[in-house]
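*Asks:* got a predicted structure plus its sequence, pasted below:
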Amino acid sequence: CNACLYYWGSAYEGLGSTQWVYDGQGNSYIRCYYFAVKTLITIGGLPDPTTLFEIIFQLINYFVGVFAFSIMIGQMRDVVGAATAGQTYYRACMDNTVKYMASYRIPKDVQNRVKTWYNYTWQSQGMLDEQELLVQLPDKMRLDIAVDVNYDIVSKVSLFQGCDRQMIFDMLKRLRSVVYLPGDYVCKKGEVGREMYIIKAGEVQVVGGPDGKTVFVTLRAGSVFGEISLLAVGGGNR
């Protein structure tokens, strides 16, 4: 459209009548389109307008070019922002936590473990808290998602085989995803158990012995531990 307007303006002024207008040489569409593109992206290198008509035409061209370029940049920013929104949220959460720990002079080793947890959690599941994403959904939708995500692994647990399907659904709605760093203790001997754990990915080692480093068994995806504390009557087991 702008190329056509430039050709019309050149014809109105007279082809080749000034240095600014199209001189009528070569392919008219390509030459006019080249002029229009250079004008819209305002990269310069164009001949200066001389007549009043040429000056007004070029001013309007520049204003339209700046407006169009601004819209294009804004759209690119929105696309990039939408693509990195999760990453931005993750960085903001970690930065705020780091500032909080620094203000209370938390030991450096603890700060480093917290940073490692943020990085590890983000890399392993691409989010920090899946419950935060689902909290606004209706119960039925949350159940549908929980079934799609966790039903296969829960249904294979021997403890729940033969259980009523509705009971499993009720339990799925109460499951909460927790990420532990390699080397973290999930629970220790003597602690009162109030939770049951189902391993979805990774491994958990049961250690003990005089030095606390003897590996008795390694639990893998699909294994369950801590269920005794839920089944105990009168409080959790140790």
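*Replies:* Sure, I can see it.
*Asks:* not counting sequence-adjacent ones, nearest residue to residue 223?
*Replies:* Of all residues not flanking residue 223 in the chain, residue 199 sits nearest, at 4.9 Å (CB to CB, 6 or more residues apart in numbering). Any C-beta I mention is one placed from the backbone N, CA and C, and that applies to glycine too.
*Asks:* number of residues surrounding that neighbour?
*Replies:* 17 (other CB atoms under 10 Å).
*Asks:* now the one 4 residues further on
*Replies:* The tally of other residues near residue 203 (other CB under 10 Å) stands at 11.
*Asks:* now do the same contact list for the residue nearest to residue 223.
*Replies:* Counting by CB atoms under 8 Å, 6 or more residues apart in numbering, residue 199 touches 219-224.
*Asks:* please pick the buried ones from those residues.
*Replies:* Among the contacts of residue 199, none is buried by neighbour count (16 or more other CB atoms under 10 Å).
*Asks:* which among these gets closest to residue 29?
*Replies:* Distance to residue 29 across those (CB to CB) is lowest for residue 221, with 64.0 Å.
*Asks:* mind telling me what element the residue nearest to residue 57 when sequence neighbours are not counted is part of?
*Replies:* Computed as CB to CB, 6+ apart, the closest residue to residue 57 that is not its neighbour in sequence is residue 9, at 5.2 Å. Residue 9 belongs to helix 2-13 when assigned by DSSP states H and E.
*Asks:* quick one: average pLDDT of that helix?
*Replies:* Per-residue pLDDT over helix 2-13 has a mean of 83.
*Asks:* what's the answer for stretch 184-192, then?
*Replies:* Averaged across stretch 184-192, pLDDT comes to 85.
*Asks:* what are the buried residues along that stretch?
*Replies:* For stretch 184-192, the neighbour count (16+ other CB under 10 Å) marks residue 187 as buried.
*Asks:* now do the end-to-end distance for that stretch.
*Replies:* End-to-end distance of stretch 184-192 (CA to CA, to the nearest Å): 18 Å.
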